[in-house]
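Novice: model the structure of this input:
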Amino acid sequence: MFQQFNTQRIKTSGTEIHVNWAGSGPPLLLLHGYPQTHLMWHKVAPALAKDFTVVVPDLRGYGESGKPKTSDDHFPYSKRAMALDQVEVMAALGFKEFFLAGHDRGGRVSHRLALDHPSSVKKMAVLDIVPTLKVFETIDQRVATSYFHWFFLIQPYDFPEQLIGHDPRYYLTSRLGRWGSDLKAFPNEVVEEYVRLFSDPACIHSTCEDYRAAASVDLVHDRADLQSKLQVPFLALWGGRGLVGSAYDPIACWRERAADVRGFAIDCGHFIAEEKPDETIKALREFFAS
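Specialist: Take a look at the predicted model:
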């Protein structure tokens, strides 16, 4: 699905990142979410590559990227460490500043990247999230029921790893089908590749560490930056049939964290780029090209 893209493995200061890229316009970095890989952009990236140099990596701990050893404070899977990977990837490709869009976990990495490296980001978009700190500080029964995995995955090693590892296919496909509008949004070959990559015990462990970091060291970093509003133009998209738009006011949430926010709902579930690729392409192209 990325046959026209170049493929590289780029060494960063903390790991190695598997990355695909194509196009010749302004650089646009697309970051995927859980429990996926760069493949989540397969319906979107080729079209955007007609206007941008599109870079689609696997986040550390996911897909074909490195899965470094963790630590007691989970810092190797903090959004700060994951964001630095991506700044270094873009620098290795020759881009000191770029457009940025992230879905789900990739959106959280994008938020941290823009806070830590503001000169790198020209404009940014996040897909179907509100800030991590907002979720943890306002959780209620409804959100906790839908986001149960946030609290399952942060349990101490190796409780979630053992349960997921017992049947990775069931776990992954049940999440894709539950959070999206319909599992049919994912071609069989994409699902099979997700299952193959997610069946690696190292991937299961690393992705749990991503969530453990989100509930610990990431919150320390987020609270330290509460007075730092993002200044770059900011687009928030969310699924109109998902939790984010019904449980939160995404625009209001992001205006607490960014100065120049606009956005809207798309009629789908959580997996916007796969459920509604044409609408996603249009929204991102118009925002980044304006």
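Novice: only C-alpha atoms from now on, for both contacts and neighbour counts.
Specialist: Noted.
Novice: leaving aside the residues next to it on the chain, what's closest to M124?
Specialist: Ranked by Cα to Cα, 6 or more residues apart in numbering and with sequence neighbours excluded, the top spatial neighbour of M124 is L100, at 4.6 Å.
Novice: how near is that neighbour to M1?
Specialist: 21 Å (Cα to Cα, to the nearest Å).
Novice: between the two, who's got more neighbours?
Specialist: L100 (28 against 12; other Cα atoms under 10 Å).
Novice: partner strands of the one helix or strand that one maps to and their direction?
Specialist: Counting by DSSP states H and E, the element that carries L100 is strand 98-103. Strand 98-103 has the following strand partners under DSSP bridges: strand 27-31 (parallel), strand 121-127 (parallel).
Novice: highest mean neighbour count out of those strands?
Specialist: strand 27-31 (a mean of 26; mean count of other Cα atoms under 10 Å).
Novice: give the next helix or strand downstream of that one.
Specialist: Note on strand 27-31: by DSSP H and E, the next helix or strand toward the C-terminus is helix 45-48.
Novice: what's that following helix packed up against?
Specialist: Counting contacts by 3 or more Cα pairs under 8 Å, 6 or more residues apart in numbering; DSSP states H and E, helix 45-48 packs against strand 53-57, helix 277-289.
Novice: how about the strands in the stretch 101-250 of the chain?
Specialist: 121-127, 234-239 (DSSP state E, counting those that start in this stretch).
Novice: for A144, find the nearest of the ones you listed.
Specialist: Closest approach to A144 among those (Cα to Cα): strand 234-239, 18.1 Å.
Novice: for that closest one, the averaged confidence score.
Specialist: Across strand 234-239, pLDDT averages out at 98.
Novice: between it and helix 277-289, how many degrees?
Specialist: Orientation check (axes from the mean of the first three to the mean of the last three Cα atoms, to 10 degrees): strand 234-239 against helix 277-289 gives 170 degrees.
Novice: which strands or helices does strand 234-239 pack on?
Specialist: So strand 234-239, by 3+ Cα pairs under 8 Å, 6+ apart, packs with strand 121-127, helix 243-247, helix 250-255, strand 261-266.
Novice: chain center to the last one, what's the gap?
Specialist: What it means is strand 261-266. 17 Å (Cα atoms, centre = their mean, to the nearest Å).
Novice: following it, which helix or strand shows up next?
Specialist: Going down the chain from strand 261-266, the next helix or strand is helix 272-275, by DSSP H and E.
Novice: who touches that following helix?
Specialist: 40-44, 127-128, 180-181, 185-186, 238-239, 266, 268-269, 280 (Cα atoms under 8 Å, 6 or more residues apart in numbering).
Novice: how about a cut-off of 6 Å?
Specialist: A185, T280 (Cα atoms under 6 Å, 6 or more residues apart in numbering).
Novice: now that helix, how far from the centre of its chain.
Specialist: 13 Å.
Novice: what of stretch 229-247?
Specialist: Here stretch 229-247 is found 13 Å from its chain centre; the criterion is Cα atoms, centre = their mean.
Novice: list the buried ones in that stretch?
Specialist: 229-245 (16 or more other Cα atoms under 10 Å).
Novice: what's the first-to-last distance across stretch 9-22?
Specialist: With Cα to Cα, one end of stretch 9-22 sits 15 Å from the other.
Novice: in it, what's buried?
Specialist: I10, K11, T12, G14, T15, E16, I17, H18, V19, N20, W21, A22.
Novice: quick one: the fifth one from H205, how far?
Specialist: Remark: distance between T15 and H205 (Cα to Cα) = 16 Å.
Novice: now swap in S13 and tell me
Specialist: Separation of S13 from H205 (Cα to Cα) stands at 21 Å.
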